[in-house]
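Q: need coordinates for the below:
(2 chains)
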Amino acid sequence: MAEKKKKIVIVVLFIVAIIVGFLISPLASGHPDGLEKVAELLGFLDLGEGAVWESSPMPDYTIFGDSTVSGMLAGLVGTIVLFGLGFGLGALLKKGKEA
Amino acid sequence: MHIPDGFLSTGVAAASYGVSAVTGAIAVRNAKKKFSEKLIPLAGVTAAFIFAAQMINFPIGFGTSGHFLGALLACILLGPSMGFWIMALVLIVQALLFADGGITALGANVLNMGLIGGVVCYYIYTAVVKMLPKNKGSLFVITFLVAWFSVLLASAVCSLELTVSGTIPFKLVFPSMVGFHALIGAGEGLITASVISYVLAARPDLVYAVSDDLKIEDMVKGVA
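A: Sure, this is the predicted structure:
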C-alpha cells in the first residue's frame, strides 16, 4: 500500500513535468526575463551579444529551427534527460546502508 | 535570471566558480551521509519538473516575464545537499544543451540559484518553520514567503556580481533587479507551496525536511 502510494506521487510529478515541458512550453511568454529586461533598460544587454556559445545543440529551446514542434521536442528531450541525470546522481550520492 | 556570457568580469566569474565548486564538494560529502535511497526516484522527477517548469515564462507586466527557479523546492524535498546538486544539474544542462545561461557564468548561476536561492534559503526556511505555529495554513504561507524571498535574494546577489564586475552601478541595477523579481517571486511562492503541500499530504516521508527535525509532519496530520 505504502509502496503503491509512493509510486503514485512520483508518477504524478513525472507526468506533470512531461506535460509542462512538452505540451505547455509553447505557451511560455516571449518577453525578456527579469535580468534580460534590466540589461535592456540599463543598456548593458549588448555585452552578452556574440558571447553566446553558438554550437549548443538546442539553442533557445529548439531542436531544429524555430517552430512550435521543435520547441516542444526540445522541452521533452530536456525533461527526460534531467529525469535520467537526477535519478543517476541520486543513486551515485546516496548514503551507505544504515547499520 | 540566468546570466549570459559577457556580463561578468573574469575575476567574478572565476571566484563564483570557486565558491560553487567548494559548495558542490561539501554537498557531495553531506549527501553521502544523509541522502536516503528511497528519495532517488524523487531526485529524478524533481530535476525533470524544475527543468520543465523553468521553460514556462509567465508575463509579469512591463513587457517582462519570469519563470520558476525551484531551488528551495528541491532543497525541501531532497535536502540542501542533493537540492544544490539538482539545481546545478539543471543549470549545467541548460547552459550546455540549450545555450541558456553562459558557460563562463555557470559558476555564478549555480551560486545565485543553487547556493543562495536553494541552500541558504533552506536554512532560513527551517529556522522560520521551527518558530511558527504548526498547522497546514501556516506551512503554506511560510513556504510561499520563503520561496518568494529566495528569488529576491538570488536577484540581489546577481546585482552584486554585476556591480563588482564593473558592468553596472549597484544603485541602478539593484532596485530594478529586485523590483522585477519581487513580482516573479510570487510565481515561485505559489508553485513551491503547492507542490510541497501536495507531496506532504500524499507522502510526508518523501520530504527530506520532514526528517530534518522540523516536526512539519505534525503540520499536515489530520488532513486526510
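Q: separation between residue B:205 and residue B:82?
A: 16 Å (C-beta to C-beta, to the nearest Å). The way it works is simple: take the backbone N, C-alpha and C, and place the C-beta from them, glycine included.
Q: between these two, who's got more neighbours?
A: Legend: neighbour count by other C-beta atoms under 10 Å in any protein chain shown for residue B:205 and residue B:82, higher for residue B:82 (31 against 15).
Q: ramachandran angles for residue A:26?
A: Note on residue A:26: its backbone torsions stand at phi -70, psi -20 [degrees, to the nearest 10].
Q: whoops, I mixed them up, residue A:44
A: The phi/psi pair for residue A:44 (degrees, to the nearest 10) reads phi -120, psi 10.
Q: my read is that it contacts residue B:169, right?
A: No - Residue A:44 is not in contact with residue B:169 according to C-beta atoms under 8 Å; the separation is 10.7 Å.
Q: show me where pLDDT drops low in the chain?
A: Just going to use chain A. Chain A contains residues with pLDDT under 70 at A:1-6, A:50-55, A:97-99.
Q: sorry, should have said chain B
A: By pLDDT under 70, the low-scoring segments of chain B are B:212-224.
Q: what's the longest helix in it?
A: helix B:170-202 (DSSP state H).
Q: residues in contact with the most centrally placed residue in chain B?
A: Closest residue to the average C-alpha location of chain B: residue B:71 at 1.9 Å, with C-alpha atoms, centre = their mean. Counting by C-beta atoms under 8 Å, 6 or more residues apart in numbering or on different chains, residue B:71 makes contact with B:83, B:87, B:113-114, B:117-118, B:121, B:150, B:154.
Q: could those residues go into TSV alongside neighbour count and distance to residue B:52?
A: Shown next, in TSV, are the contacts of residue B:71 (neighbours: other C-beta atoms under 10 Å in any protein chain shown; distance: C-beta to C-beta, whole Å):
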residue	neighbour count	distance to residue B:52
B:83	30	17
B:87	28	14
B:113	28	16
B:114	30	18
B:117	30	18
B:118	30	18
B:121	26	21
B:150	30	19
B:154	28	20
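Q: I'd like the residues you listed laid out as JSON lines, including secondary structure.
A: Listed next are the contacts of residue B:71 as JSON lines, based on DSSP: H, G, I helix; E, B strand; the rest coil:
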{"residue": "B:83", "secondary structure": "helix"}
{"residue": "B:87", "secondary structure": "helix"}
{"residue": "B:113", "secondary structure": "helix"}
{"residue": "B:114", "secondary structure": "helix"}
{"residue": "B:117", "secondary structure": "helix"}
{"residue": "B:118", "secondary structure": "helix"}
{"residue": "B:121", "secondary structure": "helix"}
{"residue": "B:150", "secondary structure": "helix"}
{"residue": "B:154", "secondary structure": "helix"}
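Q: so stretch B:96-106, near chain A or not?
A: Yes - using C-beta under 8 Å from any C-beta of the partner chain, stretch B:96-106 reaches chain A at B:96-100, B:102-103.
Q: kindly indicate which of these lies nearest chain A.
A: Closest to chain A out of the residues of stretch B:96-106 next to chain A is residue B:99 (3.7 Å), distances taken as C-beta to the nearest C-beta.
Q: wait, that closest one touches residue A:60, no?
A: Yes - because the distance of 6.6 Å satisfies C-beta under 8 Å, residue B:99 is recorded as touching residue A:60.
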